[in-house]
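# Quick one, what's the 3D model for this:
(3 chains)
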Amino acid sequence: MNEVIQHQCTVCNQLLDAPKRFGGREYCDTHVHQFYQEPPHFWRTSVMGLGALLLTVAGLLIADLIFGARLNADMRILAGMAFVSLSPLVWITLYYRSSRRNRAGASPWPPLLFALGSLVAVAVTHPIFSSIIELELWLSRTNATNRFLAHILLNGFFHMFVLYALVRYLSWDHPSFDHRVHGLVLTLSACLGYATALNFFFIIDHEGLTILYGGLRLISQLCAFVAPALILGYFLGINRFEDMPFYYLSAGLLLSAVANGLLLYAGSELNYVGLSLTQTGFSPWPGFVASVLALVATGATIYGLLRRQNALARARLNPDL
Amino acid sequence: MNNTASRNQTNVSKLSRNDRLSAVLAVTLTFGAIALGLLFRQEATNQTWLFESRAAGIAARYPAGWLVDERGNYVARIRDPRARPYKTQYVISVVPVSSQSTVRNVLDSLTLQRASDLAAYRVLLVEEIATSGAARTRMRFAFVDADPNPFIQRLPVVVLGEDIIILDGNRAIVATFMADKDAYDTDHPAFERFLASLRH
Amino acid sequence: MFLFRRVTLLIATSVYWFALAPSVASQNGELPEITRARQSTVFLMQVYEQGGTRVQSCIGSGTLVSPTGLILTNAHLVEATGPCRGDQIIVALPVRLDEPPVPTYLARIVQSSELLDIAVAQIATGMDGSAIDPTTLNLPFVSPGDPSALGAGNTLQFVGFPDAGSTSAMSIAGPITGVTAEKSGSRGAWLRTSATLGGAMSGGGAYDPNGNLVGILTSAAATDGITPGPSCLSIQDSNRDGGINERDSCVPIGNPLSMIRPISFGLPLIEAAESGLIPGNAPGLPEAPLAAPEAIDRIFLSQQISDLGIPTRIVSSLPSGSTSVYLFFDYHNMRPGTPYEIRVTINGAAAPQLSLGPLSWGGGRQGTWHAGVEKTLLPDGLYEFTVLLSGQPVNATKLTVGVSAGEPTFSNLIFTPSAGQGSNGTAGTLFPAETVQIIAQFNYENIPQGQDWTEAWYLDGTEIFRNTRIWDHPADGLLSVSATNLGGLPLGNYRLELLIGSRLAATGDITLAGNRNPQGGAAVFSNARIASEKTRDGAPAGQIGNALPLGITSLYAFVDWDFMPAGTQWTYRWFLDGRLVASSVQSWDAGGVGQNYWMSLSSNKPLPEGSYAVEALVQGTPMFSAKVSIGSGTRPVSGQGSSVETVTITGTVTDALTGQGIADALIAVLNVKLTSADFTWNEADIFSQGISDQRGHFALSKALPKGNYYTVYVFADGYATMVEDFFTILSTQASPVDLTITLNRP
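Numbering: from 1, shown residues only, chains lettered A, B, ... in the order given. A predicted model of the protein is given here:
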C-alpha cells in the first residue's frame, strides 16, 4: 500500500496534485502569483486616513477656539469620542469600499476585526488594567525608569499580543488573507477598533477631556498603537506566506511591544516642558508631534520593506521576467 | 488509475513545525513579559527605605518615596505626599511612663490631647492584639481633618487612625497610622509591614 | 470699495479696543494693593452667650497684619467696655470679595490699649472652639507703612465693612484734611478725613498709595447700647421671643467716621503681639465702684499747649488768622468705653475739621484732658465747643475768632522747684518729695493797673490757698508765684489757677511723688530685681538675678515704691534685644508706699534666648530700668532674615487633559539651592509647601526669598510627579505671584 500525501494551497485550501512552492508554503497556480501583489488602495486609504488624522487636529484647534471651556462634561465626552473615532472610521470605511471596488466581494475581516478589537478592549483590557493591575495609579507613584519598563512589559506586550491573537487565530486561515499586505490590513483593523475603544474609556474615566489638549493626547495614543500594529502586521504578513523560523513572529511581537511601550511612554513624558512663573510644566505638542512622526516613519519603513519583499518574491517566482 | 481501496490519503497540515513552535513561543514570551512586569511592579510597590533615630533608639522600614518629618512633638512623622484627599501617615512618638503608669494612662493622655486638637475626635475601640509575637494594645479612632484657612476650599475629610502602644521600659512607643477612611483598608497592610519592621 | 470698507472697519475696531479697553479695564479692575487690603480686612463681632444663643454686642472691622492671624483693630470693639459687653470675638473673613464675610474663627485679645483705643487680637480657634495652630493659617495680610510724612492733602484709601456685614469690604478714597492733637497721642494723635466712611468701618485700615497700612479707622457709637436707633441697630432676636423689636438688645454701630489713628501708635502693640510675649503687673488696690454719674467740668480753651501739657494761653477770643486752639476739661467718674465727642460749630454750622469723635473713652476715671488742632486756619466767627458723652451734650464753651488781641492775659506758665533747695531747678510737672517750694512763673500782657487777680492752689482737688490781689505790676512782664512749706510740701497732685477778675487766665497741674534722686529729680521706684517666678504673696521666687537660664517662661521685675499718688499715669515697657515687645500705660492704683510691685513678661513657651530690659516711666519721666539675660543673652541668628525681600506664591494645580483643578496635590519647594539629587526626602529639606483645595487652588506656607532658584516637587496620586530643579525667582519679581501648574497622567 502506498501513502499519498495530499497538498493544499496555503491560501484557498484547494487540494493540489502539483503544488507550487515558495518559502516552505504550497500554493495553487492562482495564489502563488497573488500574494506578492500590492493592491494600491491600501496605501492610498492609509494616506487618506493620515490626512483625516491631521484634519482632526485642525478641527480640534478650531473647536477649542470656538467652544473653549464652555462645554459641559457630557458634551466634552461626546465631542472627544467623535474626534477620536473620526480617523479610524474614515480609514475602515474607505478601505472597505475601495476593496469592494477592487475585487468581487470584499473580505469581511477588516470590519469584523475592528469590532472584535473593540470588544476585547471593553471586555478584557480595560477591566484588567483599571481594576486589577491599576496601572495608571502605580505609574503615577513610581519613577520614570519604572514607568518606561512598565509601559513595555505591561502595556506593550499585552496590547500587541491581543492584536496578534486576533489576527493569528481568527483570520489567518481565511482565503481572503491572500496578500502579504493583508497582514497590515487585518492588524491595523483590529488595532483601530481596539485603540478607539480604549480611547473611549479614557475619555469616560476622566469625565471628558478638554478639546485641544485631551484630543491631542488621544491622537498621540492612537498613533502609539497604529505604528506598532504596522510592525506586527508586517511580520504576520511575511510569515503567512513563508515558513519563517519559529522565533520570527515572536521577534515581531517583541519589536512591536517595545515600540508600543516606547511611544506610550514618550507620548506622556515628552509633554513635560518645565515649570516656571510663565510655564505651567505641560504642553501636549511634543508628545503629539513625536507620535505622528513615529507613525509616518514606521509607515514609510514598512512600506519600503514590504515592497522590497514583494519584489524579491516576484523575481524568484518569475525568473523569466 | 485510481485504486482507492488500496490507497491511504494523508493531508499535510498547513501549519508547519515552525508555525506551531512560533505560537507557543509567542504566548510564552507574552506571559513571561507580563509576569515580569507584574513582579517588577510588586517589588517597586513594596520597596521600603530605612528610618533610624539614634536619639530614640528606634528604626523601621517605611514605603519608599514617603516624606519624613522629625521636627515636631514626635520621633518621626512619615507621610505619603501623593495620597489624596488625606496624606496617609505613620507617626512614631515616645511617651514617658512610670512604674505606676498603665497603657490606659497613655491612651487617655493621647485622647485628651487629640480631643482638643482634632475636630470630631472619637475613639472607636481599644483592644489587645498580638503582633510580632508580643502583646500590644491597639486603639482605633476617627476625626475630621479640615483646613482652618477659609480661603482654601478643602473639604473636611474623615480620617481613620490606629495607635499601637508598645511598652518599652520607662517609655511607651506609640506607632500611629492615619489614612482617609476610603484608603484605610487598602493602606493598612503596608502599615502592618512597617510595624513588623519596627525595632527599638 | 468693499476692501476699503473692510479695512476701515478693521481700523475702527482696533481703535475702539485699544482706546476703550484700558478704560474699561481700569473701571472694572482694582489695584492689586487695594485688593490685598480688602482681602486682609476682617469683620469683627463681639458676642456673648444668652440662653444658648450667641448675641452680637458690637461690630466693626479689623485688619490682618500677619499671616498667622494677628488682627489690628480698635480696643473698644473687642474689649468688654462701654456699650460692648461681649466676651467672645468672632472673626468673619472675606472669603470671596464680592460676597459678605464668612464667620470663621474666634479670636482672643493679645495686646490692648484703652488709652489709644488700639488692640491686637489673635485668631485662636475655629467657630467650634477647636484649637488652631496659627503657623498653619497663611492668611492674607498687609504690612505697616510710615505715616510720619502724611498730612493735609495726601490721599489715602480707607478699607473696611461699612455696615452690619451684609456687603463686602469696601475701599473708599479720601483726602487727609488735617491733624488733631489729643492727650492720648499728643500732637499727632489723629488724622482727619472728609471721606464719607460708614461707622462699621471703625477698626479698618487707611492705606497709602503703595498699599501699606498707615492708620486705623476709629469711631465709637454714640449710644448706650440699649436704646435702638441709628447708632444701635436691632438686627437679631436676642430674647428669642419670635420677633425683633425694642425688647431686643441692639448692636452699636459707630457714627460715620472721620478719625484715623496713625499706625505708629499701634506698632509697639503689633510687635509685642508678634513676639507672643504677654505683659502683666501686680493687681492694684480694689477700686470703689462708680456710683456718681460721669461729669465734665472746668472746660476752657487755650491757644496752644506746652510740651509739658500745660495750656499756654487761656482764651475766649482769638484774632483773625489764628491757626491753633486747644480745648481743656476736667473729667470725673468716667467709665472706660464711654463714647465721647467734641463737636464744634462755627456760627451755628458744623465744623467737622475741628470736631473730634465720637471716640471710645480710655483716659481713666478722672483727670484733665485736652484736644486741639494746629496749623489749621480758623475762620472768623463764633465757635461753640460742646463735649458729648454717649451722644448727650454735657458741657460747652465758646470762642470768638476775629477779635483783635488786647485782652489781659497770663501765658506760658511753667513750674520749677525753688533754687537753693539742692534741686536742679528744671521745669517740669513731676517733683520729688521733700520739695519745699514750687515756683510758678508766667508771662503777663495788657494787665491794667488796679485789675484784681487771684492765685489759687489745690492739692488733690481741695483748695489749699487762695489770694486775691490788686495788680500793681507793669502791664507786660514776667511774674512768679509759689507754694511753700519749709517742712516739705505734701505729696500729691497740685493745681494752680490764676484768674484775672473772675476769668480763668492760666492753670497747670504738677505732681509731687517719689524720693529725691541724686540728680534732684523724683525717684518713685527703687530696689529693682528680676526673678523667674513669684510666690502667691507676690514676692520674688525661682531664679533671681540678671542672668537667668533657658527654659523659664516668665520674667518678673520687682520694685519698691515710695510716695506714688493714686491715679498718677505711668508706663512700663519690656524690650528684647533692644526691640520693644510689650508696653502698658496705666493709672497708679497700688497705694502710696509699698514693696514688691511686679511687672511681668510671660509666654506659653520658654522665653526666647536674648537680652531683656524693663523700664518704667511716670508721666513720661524715666523712673527705673533693669536688664536681664536669658541663656547666653544672644538670640540665635535665623537662617533667612526678615529683611530679605520675598515673593508670596499662590496658584492652581490643574489636570492637563481635563483642565479641572486637582484637589489635595502637595506642592513642595526645597530649601534654596537644594536640587532633586540632594533631596533626602526629609521635610527638613522643604522650605515651603502647600496643599491644593477642591478647586486646585493652593498657597505656599512661606514666601520665597527673591534672587534664588528652587527645586519644586508637585505630588498627586494618579499623576506623574513633577520635579523642576530650576524654578527661578528673580530679584526683580513682583509679589504676589499666581502660578499655574499642570499635571499630566503618566
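# Show me the contact partners of stretch A:13-22.
Under the contact criterion CB atoms under 8 Å, 6 or more residues apart in numbering or on different chains, stretch A:13-22 has outside partners A:6-9, A:26-29, A:32, A:173, A:175, A:241-242, A:313, A:316-317, B:14. In this view, the C-beta of every residue, glycine as well, is placed from N, C-alpha and C.
# and those, which of them are in helices?
Filtering the contacts of stretch A:13-22 for membership in helices, criterion DSSP state H, returns A:29, A:32, A:241, A:313, A:316, A:317.
# Looking at the closest residue to the first one other than its chain neighbours now. What's its pLDDT?
Leaving aside its chain neighbours, residue A:29 sits nearest to residue A:20 (6.5 Å; criterion: CB to CB, 6 or more residues apart in numbering or on different chains). Per-residue confidence (pLDDT) for residue A:20: 87.
# Show me how the record splits chain A into domains.
In the domain annotation for chain A, the residue ranges read A:1-32, A:39-317 (automatic domain parsing).
# Pretty sure residue C:279 sits against residue C:598.
No: contact status for residue C:279 versus residue C:598: not in contact, 11.1 Å apart, counting by CB atoms under 8 Å.
# which stretches of chain B form helices?
B:17-45, B:103-117, B:184-197.
# lowest-confidence stretch among those?
Taking mean pLDDT as the measure, helix B:103-117 is lowest among these, coming in at a mean of 82.
# returning to what we had before: is it possible to get JSON lines of the helices of chain B that adds distance to residue C:715?
Compiled in JSON lines, these are given as follows (distance: least, CB to CB, whole Å):
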{"stretch": "helix B:17-45", "distance to residue C:715": "16"}
{"stretch": "helix B:103-117", "distance to residue C:715": "25"}
{"stretch": "helix B:184-197", "distance to residue C:715": "16"}
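# and the ones you listed as JSON lines, adding distance to residue B:76 and mean neighbour count?
Output for the helices of chain B, formatted as JSON lines (distance: least, CB to CB, whole Å; neighbours: other CB atoms under 10 Å in any protein chain shown):
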{"stretch": "helix B:17-45", "distance to residue B:76": "22", "mean neighbour count": "16"}
{"stretch": "helix B:103-117", "distance to residue B:76": "17", "mean neighbour count": "15"}
{"stretch": "helix B:184-197", "distance to residue B:76": "11", "mean neighbour count": "16"}
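# So which residues of the stretch 251-400 of chain C form strands?
Defined through DSSP state E, counting those that start in this stretch, the strands belonging to the stretch 251-400 of chain C, from first to last, are C:251-252, C:257-262, C:278-281, C:295-302, C:314-315, C:317-318, C:325-332, C:339-346, C:349-350, C:356-360, C:367-373, C:381-389, C:392-401.
# Export those strands to CSV and append columns for mean neighbour count and mean pLDDT.
Rendered in CSV, the data for those read as follows (neighbours: other CB atoms under 10 Å in any protein chain shown; pLDDT from 0 to 100):
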stretch, mean neighbour count, mean pLDDT
strand C:251-252, 30, 82
strand C:257-262, 25, 91
strand C:278-281, 16, 86
strand C:295-302, 18, 94
strand C:314-315, 24, 94
strand C:317-318, 20, 92
strand C:325-332, 22, 95
strand C:339-346, 22, 94
strand C:349-350, 10, 93
strand C:356-360, 27, 89
strand C:367-373, 22, 92
strand C:381-389, 20, 95
strand C:392-401, 16, 94
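# which one of these lies closest to residue C:626?
strand C:278-281 (14.7 Å; CB to CB).
# Please name every helix or strand in contact with the helix or strand where residue C:188 lies.
Assessed by DSSP states H and E, residue C:188 sits inside strand C:186-197. When contacts are defined as 3 or more CB pairs under 8 Å, 6 or more residues apart in numbering or on different chains; DSSP states H and E, strand C:186-197 packs onto strand C:155-160, strand C:170-182, strand C:213-218, strand C:257-262.
# For the third one, name the packing helices and strands.
To tie it back to what came earlier, the one meant is strand C:213-218. strand C:53-64, strand C:70-73, strand C:155-160, strand C:186-197, strand C:205-207, strand C:257-262.
# Next, see if the second one gets close to chain B.
I take that to be strand C:70-73. No: Strand C:70-73 lies out of reach of chain B by CB under 8 Å from any CB of the partner chain, never closer than 14.3 Å.
# how about the residues of chain B that lie near chain C?
By CB under 8 Å from any CB, the part of chain B that sits against chain C consists of B:49, B:65-71, B:81-87, B:116-119, B:146-155.
# In this structure residue C:388 contacts residue C:343, no?
Yes: with contact defined as CB under 8 Å, residue C:388 and residue C:343 form a contacting pair (6.1 Å).
# Leaving out chain neighbours, which residue sits closest to the one residue in chain B that gets nearest to chain A?
Distances between chain B and chain A by CB to the nearest CB are smallest at residue B:37, namely 3.1 Å. Spatial nearest neighbour of residue B:37, excluding adjacent residues (CB to CB, 6+ apart): residue A:153 at 3.1 Å.
# quick check, that neighbour in a strand?
No: residue assignment for residue A:153, taken from DSSP: H, G, I helix; E, B strand; the rest coil, gives helix, which places it outside any strand.
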